[in-house]
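Enquirer: got a structure for you, letters missing:
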């Protein structure tokens, strides 16, 4: 293109910027590249700043920037320049690469047994709410606790809020849920319901209900300032939990009601998977099967709140649901010795994950193989070998599940290309030498898939680089073996045999 001078003459050897064409090109760039492009010239900055196509691209890459404004503080924060937003994210990436934590780990205690289950709760719960489940060593029973952050807690300040409040709520749970210990907890997206598995073969969908005590509303001040406070608190009650200390009189109490029992399980289930629409529940079982359940529509149509004198949820009998499909790997049942083929007991399936469209599934178990399933035909397309121990975790590195990570009792983490059925890398996490190998237990994958935090039975918590396939550093230790790991934004949660929950915040 020719550049047109102020006198109207064209100069064929010089380049004229076509603003419309550049704006269209900028719309296909990710936000990180745009940050670099806009630094090239003042003209680029003007195009990037005023182009609506770019703004849409930026909002997709920075979800926080596109959040709906709900308070004066958020409005002020939203007016921060997009470059500052990028610099903040770049700082967090630096913290992950170098292991820079905002402070020492926040330790939450209160369980009387090993904490086997833990998860962060999303909408409709308050951001940063945690629910944990334990196995009581003395009574062989289970207990569930909820850890509640302060109101207004941002996703990046969960650990600080929980440390300041130290608020835990002993959840009132029905006998059939906790009679044998809690093994896993997984929220159904966008609902106040949680899939709960036990050390027996029980799988329950439990509904969290908040009961607000009416006297707490009556005892509020009647002045104009008190009226404003009451209106603000009532508005907050519609959005999130209202908690005072341990849920005593004047605040709220919480209960988990079993609303649906998933039938067909013949052994404990260490993991659960729920799709983003809360329509498919997939459960790997230690009996060697993967069972799929089609969740009914009414499972998502429920409220979190109930008045003290209001109607209880689930007054009737708990509903039941049979599996819509049972998947087995029949090849592993056939063993040939001395020209004789015989059937053997199925190996446990310990881990499972699916693609975003639920058309590809990856499983791992005690047969030491990672298996890729075609969910349209319910068949295995590849069996990938490489681990020398039981596979306890599998995680997707992209929405299409083209690449997956797995961890094993052999102390290694491996990356797999599910399209070709081959291993493309491995990391020695906790295999310190012959006779000194510690299983990798809990695994938490960061949102962008660049880093992964893992816990080990050597009591340590490690951070791995999933792109370079190397172990970066050790961020800390539990007093006993690490059991689970979960991620919420840039806050890592780990649980262990030391009866504690620890929060590690990168900032």
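Expert: Noted; the coordinates are in hand. Given the structure is predicted, the values throughout are model-derived calculations rather than measurements.
Enquirer: which residues in this protein form helices?
Expert: Assigned by DSSP state H, the chain shows helices spanning 19-26, 31-38, 42-50, 52-61, 72-78, 82-98, 158-165, 175-178, 215-218, 224-239.
Enquirer: mind checking how far the residue lying closest to residue 446 once chain neighbours are set aside is from residue 289?
Expert: For residue 446, ignoring the flanking residues on the chain, the nearest one in space by C-beta to C-beta, 6 or more residues apart in numbering is residue 487 at 6.0 Å. The way it works is simple: take the backbone N, C-alpha and C, and place the C-beta from them, glycine included. According to C-beta to C-beta, to the nearest Å, residue 487 stands 29 Å off from residue 289.
Enquirer: more neighbours, the two?
Expert: More crowded of residue 487 and residue 289, by other C-beta atoms under 10 Å: residue 289, with 22 against 18.
Enquirer: burial measure for residue 390, as a count.
Expert: 18.
Enquirer: going forward, count from 71.
Expert: Sure thing, new numbering starts at 71, so read that last one as residue 460.
Enquirer: from what I see, it and residue 479 are in contact.
Expert: Yes - in this structure, residue 460 is within contact of residue 479 by C-beta atoms under 8 Å, at 4.7 Å.
Enquirer: list residues touching both of the two?
Expert: residue 509 (C-beta atoms under 8 Å, 6 or more residues apart in numbering).
Enquirer: which residues does the nearest residue to residue 461 once chain neighbours are set aside bridge with?
Expert: Counting by C-beta to C-beta, 6+ apart, the nearest residue to residue 461 once its immediate chain neighbours are dropped is residue 434, at 3.1 Å. Beta-bridge pairing for residue 434 (DSSP bridges): residue 421, residue 440.
Enquirer: look up how far residue 440 lies from residue 434.
Expert: 5 Å.
Enquirer: shared neighbours, those two?
Expert: With C-beta under 8 Å, 6+ apart as the test, residue 434 and residue 440 both reach 461, 464, 476.
Enquirer: wait, which of the residues you listed is closest to residue 550?
Expert: Nearest to residue 550 out of the shared contacts of residue 434 and residue 440 is residue 461 (C-beta to C-beta; 23.1 Å).
Enquirer: let me see the contact set for the closest one.
Expert: Applying C-beta under 8 Å, 6+ apart, the residues near residue 461 are 420-421, 434-436, 438-440, 476-478.
Enquirer: show me what contacts residue 555?
Expert: Residue 555 touches 511-514, 523-525, 531, 562-565, counting by C-beta under 8 Å, 6+ apart.
Enquirer: most neighbours, which of these?
Expert: residue 525 (30 neighbours).
Enquirer: what does stretch 441-451 contact?
Expert: In contact with stretch 441-451 (C-beta under 8 Å, 6+ apart) are residues 395, 397, 399, 401, 424, 428-434, 452-454, 488, 491.
Enquirer: same thing with stretch 493-512?
Expert: 454, 456, 459-460, 462-463, 473, 477-487, 524-528, 530, 532, 534, 539-541, 551-556, 564-565.
Enquirer: so how many other residues sit close to residue 257?
Expert: Neighbourhood size, residue 257 [other C-beta under 10 Å]: 22.
Enquirer: just the pLDDT for it.
Expert: pLDDT recorded at residue 257 is 91.
Enquirer: report pLDDT for residue 305.
Expert: pLDDT recorded at residue 305 is 37.
Enquirer: got it, and residue 159?
Expert: 72.
Enquirer: go on, residue 501?
Expert: The model's pLDDT for residue 501 equals 87.
Enquirer: burial count for it?
Expert: 20.
Enquirer: hey, what's it bridged with?
Expert: Here residue 501, judged by DSSP bridges, has bridge partners residue 507.
Enquirer: residue 250 versus that one, what's the distance?
Expert: Per C-beta to C-beta, residue 501 is found 33 Å from residue 250.
Enquirer: next: residue 416.
Expert: For residue 416, the distance to residue 250 - C-beta to C-beta - is 22 Å.
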